[in-house]
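K.L.:
Attaching a predicted model along with its sequence, questions to come.
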Amino acid sequence: MAAQHPMMPFAEARQRLLAALTPCTEGESVPLPDALGRVLQAPVEAPVSLPPAANSAMDGYALAAGDAPAGAEYDIRGEALAGAPWNGALRPGEALRIMTGAVVPPGADRVIMQEQTEQSADQRLRLNTECPPGNNIRPAGDDVTAGTEVLPAGRRLQVTDLALLGALGLSKVTVVRRLRVALLATGDELRQAGETLAPGDIYESNRLAISLLLRPLPVEITDLGIVRDDPTALRQCMAGAMRTHDLVVSTGGVSVGAADYTRDILQELGDIDFWKVAIKPGKPVAFGRLGKGWFFGLPGNPVSALVTAHQLLVPALGKLSGAAVTAPLTLTVPAAEPLRKKPGRLDFQRAVLSQTVSADGRCEHSVRPASGQGSHMLWSLAQANAYAVLPAESGDIQPGDPVTVVPFDPALGWFTPTSPATAAE
Ligand SMILES: Nc1nc2c(c(=O)[nH]1)N[C@H]1C(S)=C(S)[C@@H](COP(=O)(O)OP(=O)(O)OC[C@H]3O[C@@H](n4cnc5c(N)ncnc54)[C@H](O)[C@@H]3O)O[C@H]1N2
Ligand code: MOO
């Protein structure tokens, strides 16, 4: 019989794995449309200024005027459109018809929008209101000056970053290559959808869940399927996968049962750093070296597998890909109902975070537990929109007690259902 094995505190396990992993340094150049979610290998410097030249923010008139009070009149010299500049310079007392985005000519120091002007009988421009210097002019380099570092190495590229790089005229960017991740599930009871269940069988869901969780990350997943509870088959599968992958992820068989071989084989082929972590769900979770790469032995229970993947595997992939690993957005809100907890492990309880709007327009939040907390209960996970993170030493939480809440991360496909906001009467 296996003796009690000490559990490592969650913060220590996370810190140990982040310290152990070294970022991949191999880069590749990819077109911007393929770079979403990828990690920048080197900083990007702006090749041009944005905007490249001073231009108008409005359809109206560029003015050359030391002073432009209401009632002032100007001669209109010509017209400038975006993409069709006016080749000349304005002298005092002169104006140029100008469209939004058109280059402001030399001599002009302000633009008045056309709604604030009229034309006199002799076709001169008259101002209906005063126009201050600099009005409606977007100076060259207003947003970005050429040569500035706009994005640092390690940045995980988001839509807004790529919009910026597109505006800077870049068509490609150098990113860290995708990490090669092998994924397998172990268990004689596991069947694929479409197969008939014999007594004791269940449908396998961990590979689907984990591969979808990892899909937005810069990874390339090899699905190694379901491996039987047979040490020879498992050893062969792991030994093959470790040769060609940066990371091998398994689910199941990591506990102390008669058919739990994962840990022994990881021990034999690699070097286990930790195996038991003081979190709930997900206590049996193995991490360590496997050949030139790494492994995660996630627990078989579906909620434990997803929570440990979210809390340990996702940050590990961030570190391996060279991305800055940041702490999640955390709120402290009162409990609306009791949350049951035994002291000992850090709980990531499935919870529902609600928001109401009071009559005076203030947002108020509260949290309640989702229907069930068993590590086999996927439906309650599907009904949750946040984790209630309860410290290891904590016991039961009473209504009104402050609770640390981490909303699910939409970027990872953990969409936060919008909670019904109670509109003020
Ligand atoms: N004596 C002890 N027993 C258990 C302990 C313990 O400390 N001492 N820990 C429990 C905890 S906590 C967890 S979590 C589980 C994890 O066990 P394993 O990783 O060995 O997982 P399995 O035994 O293979 O499976 C657990 C459970 O999950 C189902 N399962 C497995 N894989 C899948 C899959 N791919 N898709 C869907 N469902 C899956 C499996 O049928 C079992 O019901 O150990 C406890 N036991
Ligand atoms: O660690 Mo397990 O997930 O509590 O059942």
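P.N.:
Received, thanks. Ligands and ions are numbered 1, 2, ... in the order given.
K.L.:
Counting neighbours, what do you get for L170?
P.N.:
Number of residues near L170 (other Cβ atoms under 10 Å) recorded here: 17. (Each C-beta comes from the backbone N, C-alpha and C, glycine too.)
K.L.:
From ligand 1, how far out is the closest residue to it other than its chain neighbours?
P.N.:
Nearest in space to L170, with sequence neighbours left out and distances taken as Cβ to Cβ, 6 or more residues apart in numbering, is L32 at 6.7 Å. Applying Cβ to the nearest ligand atom, to the nearest Å, the value for L32 to ligand 1 is 37 Å.
K.L.:
surely L32 meets A167?
P.N.:
No - counting by Cβ atoms under 8 Å, L32 does not reach A167; the two are 10.8 Å apart.
K.L.:
Test for you: state the pLDDT assigned to the residue nearest to L170.
P.N.:
Looking at L32, its pLDDT is 98.
K.L.:
Any figure for the gap between it and D188?
P.N.:
Going from L32 to D188 by Cβ to Cβ, to the nearest Å gives 47 Å.
K.L.:
Comparing the two, which shows the higher neighbour count?
P.N.:
Set side by side, L32 and D188 show more neighbours around L32, with 16 against 13, by other Cβ under 10 Å.
K.L.:
Spit out the contact partners of the more buried one.
P.N.:
162, 165-166, 170-173 (Cβ atoms under 8 Å, 6 or more residues apart in numbering).
K.L.:
And for A359, the neighbour number?
P.N.:
A359: 9 neighbours (other Cβ under 10 Å).
K.L.:
can you pull the contacts of W275?
P.N.:
W275 is in contact with 5, 254, 263, 284-286, 297, counting by Cβ under 8 Å, 6+ apart.
K.L.:
Helix or strand: which one has the residue of the stretch 251-400 of the chain found nearest ligand 1?
P.N.:
Of the stretch 251-400 of the chain, the residue with the smallest distance to ligand 1, taken as Cβ to the nearest ligand atom, is G300 at 2.6 Å. Using DSSP states H and E, G300 maps to neither a helix nor a strand.
K.L.:
Leaving out sequence neighbours, find the closest residue to it.
P.N.:
G252 (3.1 Å).
K.L.:
ok, now Q398?
P.N.:
Distances taken as Cβ to Cβ, 6+ apart put P338 closest to Q398, at 5.9 Å, once the chain neighbours are dropped.
K.L.:
tally of neighbours for that neighbour?
P.N.:
13.
K.L.:
separation between it and R138?
P.N.:
Distance of P338 to R138, given as Cβ to Cβ: 57 Å.
K.L.:
top helix in this structure by residue count?
P.N.:
Longest helix in the chain by number of residues (criterion: DSSP state H): helix 231-244.
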